[in-house]
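Trainee: here's my sequence, what's the structure:
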Amino acid sequence: MDVVIYHNPDCGTSRNTLAMIRNAGVEPHVVEYLKAPPSRALLVQMLDRAGLTVREILRQKGTPFAELGLGNPDLTEDDLLHAVEAHPILINRPLVVSPKGVRLCRPSELVLDLLPPQRGAFVKEDGERVTDDCGRRITA
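Mentor: Below you'll find the predicted structure:
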């Protein structure tokens, strides 16, 4: 299975998502999007496949979101795309692309819908169990 993760290694959610991909027996293409951001055309394509708008993937915390006035509802998708092109840190992460679709994996376990079954237990960095020893999703 060909999987791409737009990853930030400093983000726990992104690290957990990457680990779940690997726990499914898949070695993804890892794109550190702050070093190699997706092109505008690729980002638009991913958003279309995910059924998301640019506004829905904007990250506010730790970004120039407020300084750029990106909360203004009058800004167009084009305006927001320009901001994301200039400041890739505005892209919320991780975005995962697989043959089963594209998702913004927040929370990280959303990635499970894009993957083959887990190959065993998975526990997040914070200790939360996601799958049992048989790879079955644990629900609250």
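
Trainee: ranges for the helices of this structure?
Mentor: For the chain, applying DSSP state H gives helices covering 12-23, 40-50, 54-57, 77-86.

Trainee: neighbours around Gly51, how many?
Mentor: Using other Cβ atoms under 10 Å, Gly51 has 10 other residues around it. Heads up, the C-betas are built off the backbone N, CA and C, glycines and all.

Trainee: just the one 5 residues further on next, same as before
Mentor: Residue neighbour count, defined by other Cβ under 10 Å, stands at 11 for Glu56.

Trainee: rewinding a little: ok, which of the helices of the chain comes nearest Gly101?
Mentor: Taking Cβ to Cβ, helix 40-50 is the member of the helices of the chain nearest to Gly101, at 6.4 Å.

Trainee: which residues are in contact with the closest one?
Mentor: If you take Cβ atoms under 8 Å, 6 or more residues apart in numbering as the criterion, helix 40-50 is touched by 38, 53-54, 57, 81, 84-85, 91, 95, 97, 101-104.

Trainee: looking at these, which has the most residues close by?
Mentor: Leu95 (26 neighbours).

Trainee: flag the shaky bits of this structure, pLDDT-wise.
Mentor: Scanning the chain for pLDDT under 70 picks out the ranges 140.

Trainee: ranges for the strands of it?
Mentor: 4-7, 29-32, 95-98, 101-104, 122-123, 129-131 (DSSP state E).

Trainee: just name the most buried of those.
Mentor: strand 95-98 (a mean of 25; mean count of other Cβ atoms under 10 Å).

Trainee: can you tell me what sits against that one?
Mentor: When contacts are defined by Cβ under 8 Å, 6+ apart, strand 95-98 is touched by residues 1-6, 17, 21, 28, 33, 46, 49-50, 57, 102-105, 111, 114-115.

Trainee: alright, that wraps it up for me.
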